[in-house]
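Asker: Return atomic coordinates for the entry below.
(one chain, ligands or ions: 1)
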Amino acid sequence: MPYNARMQTAEVVIIGGGIVGSSIAYHLTAAGCKDVLVIERETAQGKGSTGKSMGGVRAQFSTPVNIQMSLYSIPFYASFDERLGYPADYRSQGYLFCATNEKHLAYLRTNYQKQVAMGLKDVRLISGQEIRDMFPLLRSDDIVGGSFCATDGFVDPYSAMIGFMTCAADHGAKLWKNTQVTGIQRDAEGMTVVETSRGVVSTRKVVNAAGAWAKQIAEMAGVDLPVEPLRRMLVPTEPFDQFPHTAPMIIDMSNGFHFRPEALGFLLAWNDPEEVSGYNTDFDPAFIEKILTRAADRVPVFENLAVNPKRAWAGLYEMTPDHHPILGEAPNAPGFFLANGFSGHGVMHAPATGKVLSDLILTGKTELIDASLLDLSRFAEGRTIHETAVL
Ligand SMILES: Cc1cc2nc3c(=O)[nH]c(=O)nc-3n(C[C@H](O)[C@H](O)[C@H](O)COP(=O)(O)OP(=O)(O)OC[C@H]3O[C@@H](n4cnc5c(N)ncnc54)[C@H](O)[C@@H]3O)c2cc1C
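Answerer: Sure thing, here's the model as predicted:
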């Protein structure tokens, strides 16, 4: 091997210092594994998807495994400040899904039954009239009912990421910033050698936590990973006080438009179905009219919203074919672990992901979920599980 005695070592190397890599580092150190190295190519954390996120956290999902991931993650966020000693700014303002036809309502009812059966306590189905009473400023002539969960809400993704990483570092983990991973090799002794712009690191366990860039990292390890980047745009408004700031995330199921209070204004989101896979993160100014039309349609006073296009932004979702993450050791690549493809849910599921990965790395199994449901082999073996509650 060309590598010499200056080669560094670590028990676990995590590639990517976003919220997922940081949560894994935290959970590993909390479980007693201190020799953890996180490698981040940017000069600061949060320049990937984590810093672009809307920060929504919810347990209102349609598949048991996603609900289970949230049942760990949301109470974790609720006690984050106390547990870690750093803030995550969890606000339990809820998520309100507004159904505009009987099909949506039946869908919410089925999901509600699954959520309650799995142990979610705070979710409830509500009538159209209740929604009208809660938010008289919504246009509700077509709203036939909905579902609301009071423990859903928002966190500050950047703070949570920094909290995870700082706490991990307090317990021995190291973070190399400004360091790009350029290659991954296996040596004759079965060790993995991670090549970086700062030299090589020898380890037994490598975690791919590279977000929307995970496919390239997987390729370096000879693994074909079905994770594709997809642009998502968010529009923050200028200060606006004509709609209550105690509002939950409100989702108009007729077209997917959703919004939540943010600072003195609101954060508006809508997933344009015309987006195609790719690394484009330019904000498209034409999006503003598209989203404001939908906003004013559902909330007539939003006609008075002011928006500064320079404050709007775009980031990348990391999509998998079944909208579920890919977690666990890659088949045919011993010691190469995946924590990828969160399909829009990486912030809310970061705590559970950290716990699952830490369990799998340290003990080979986890009690939190049936990890085989989220393994990479499910695609080749036809075991995909579709999540339809994607925002
Ligand atoms: C507009 C938008 C809104 C969203 N809203 C929500 C939401 O409301 N709720 C929610 O749960 N999720 C939301 N998401 C999704 C969420 O932000 C992501 O799923 C999550 O941030 C993924 O975290 P990560 O740590 O895996 O990825 P990232 O934060 O992207 O971190 C990956 C890191 O890997 C680094 N990296 C990549 N390649 C290399 C390399 N070769 N060497 C070293 N480092 C490398 C990158 O620099 C990056 O910092 C949203 C995303 C977007 C874009």
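Asker: And the helices in the chain, which stretches?
Answerer: Listed in chain order, the helices of the chain (DSSP state H) span 19-30, 64-78, 80-84, 102-117, 128-134, 157-170, 214-220, 286-298, 350-363, 377-380.
Asker: Of all those helices, which one is nearest Gly56?
Answerer: Nearest to Gly56, of all those, is helix 157-170, at 9.6 Å by CB to CB. C-beta coordinates here come from the backbone N, C-alpha and C atoms, glycine included.
Asker: Spatially central residue in this protein, please.
Answerer: Central residue of the chain (CA atoms, centre = their mean): Gly346, 1.3 Å from the mean position.
Asker: rewinding a little: quick one, which of the helices of the chain gets closest to Ile369.
Answerer: helix 64-78 (5.0 Å).
Asker: Asp370: how many residues sit nearby?
Answerer: 12 (other CB atoms under 10 Å).
Asker: again but with Ile385, I slipped
Answerer: 15.
Asker: That one and Ser372 touch, don't they?
Answerer: No. Counting by CB atoms under 8 Å, Ile385 stays clear of Ser372, with 11.1 Å between them.
Asker: Dump stretch 253-268 to PDB, keeping only the CA atoms.
Answerer: This file holds the C-alpha atoms of stretch 253-268, laid out as PDB (Å, rounded to 0.1, in the frame of the first residue of the first chain):
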ATOM      1  CA  MET A 253     -54.100  18.700   0.300                       C
ATOM      2  CA  SER A 254     -55.700  19.900  -2.900                       C
ATOM      3  CA  ASN A 255     -52.400  21.000  -4.300                       C
ATOM      4  CA  GLY A 256     -49.700  20.400  -1.600                       C
ATOM      5  CA  PHE A 257     -49.200  24.000  -0.800                       C
ATOM      6  CA  HIS A 258     -48.100  24.300   2.900                       C
ATOM      7  CA  PHE A 259     -46.900  27.100   5.200                       C
ATOM      8  CA  ARG A 260     -45.900  27.800   8.700                       C
ATOM      9  CA  PRO A 261     -45.000  30.900  10.800                       C
ATOM     10  CA  GLU A 262     -41.400  31.900  10.700                       C
ATOM     11  CA  ALA A 263     -39.900  34.800  12.600                       C
ATOM     12  CA  LEU A 264     -42.300  37.800  12.000                       C
ATOM     13  CA  GLY A 265     -43.600  36.400   8.700                       C
ATOM     14  CA  PHE A 266     -44.400  33.000   7.200                       C
ATOM     15  CA  LEU A 267     -42.400  30.300   5.300                       C
ATOM     16  CA  LEU A 268     -44.200  29.200   2.100                       C
END
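Asker: List the buried residues for that stretch?
Answerer: 253-254, 257-262, 265-268 (16 or more other CB atoms under 10 Å).
Asker: just to revisit the earlier point, can you tell me how far the residue nearest to the centre of the chain sits from the ligand?
Answerer: From Gly346 across to the ligand, the span is 2 Å (CB to the nearest ligand atom, to the nearest Å).
Asker: which ones are touching that residue?
Answerer: 18-20, 49-50, 53, 211, 318, 325, 353 (CB atoms under 8 Å, 6 or more residues apart in numbering).
Asker: hmm, which of those are the buried ones?
Answerer: By 16+ other CB under 10 Å, the contacts of Gly346 give 18-20, 49-50, 53, 211, 318, 325, 353 as buried.
Asker: buried ones in the top strand by length along the chain?
Answerer: Looking across the chain with DSSP state E, the single longest strand is strand 228-236. By 16+ other CB under 10 Å, the buried positions in strand 228-236 come out as 228-235.
Asker: Could you do stretch 333-353 as well?
Answerer: Within stretch 333-353, the residues that count as buried by 16+ other CB under 10 Å are 333, 335-353.
Asker: Show only the entries of the residues you listed found in strands.
Answerer: Checking the buried residues of stretch 333-353 against DSSP E, those in strands are 336-340.
Asker: Using CSV, please lay out these together with distance to the ligand and pLDDT.
Answerer: As requested, those are exported to CSV (distance: CB to the nearest ligand atom, whole Å; pLDDT from 0 to 100):
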residue, distance to the ligand, pLDDT
Phe336, 14, 97
Phe337, 13, 98
Leu338, 11, 98
Ala339, 7, 98
Asn340, 7, 98
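Asker: With respect to Cys167, which of these is nearest?
Answerer: Using CB to CB, those come closest to Cys167 at Ala339, 18.0 Å.
Asker: Identify the residues contacting that closest one.
Answerer: The neighbours of Ala339, taking CB under 8 Å, 6+ apart as the test, are 20-21, 24, 207-209, 325-327, 353, 357.
Asker: What of Ala296?
Answerer: By CB under 8 Å, 6+ apart, the neighbours of Ala296 are 302-303, 305.
Asker: Redo these as TSV? Include neighbour count.
Answerer: Converted to TSV, those look like this (neighbours: other CB atoms under 10 Å):
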residue	neighbour count
Phe302	22
Glu303	11
Leu305	20
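Asker: and which of those is nearest Lys365?
Answerer: Of all those, Phe302 has the smallest distance to Lys365: 48.9 Å, by CB to CB.
Asker: which non-adjacent residue is nearest the closest one?
Answerer: The shortest distance from Phe302 to any non-neighbouring residue, by CB to CB, 6 or more residues apart in numbering, is to Ala295 (4.3 Å).
Asker: Give me the neighbour count for the one you found.
Answerer: Neighbour count of Ala295, defined by other CB under 10 Å: 24.
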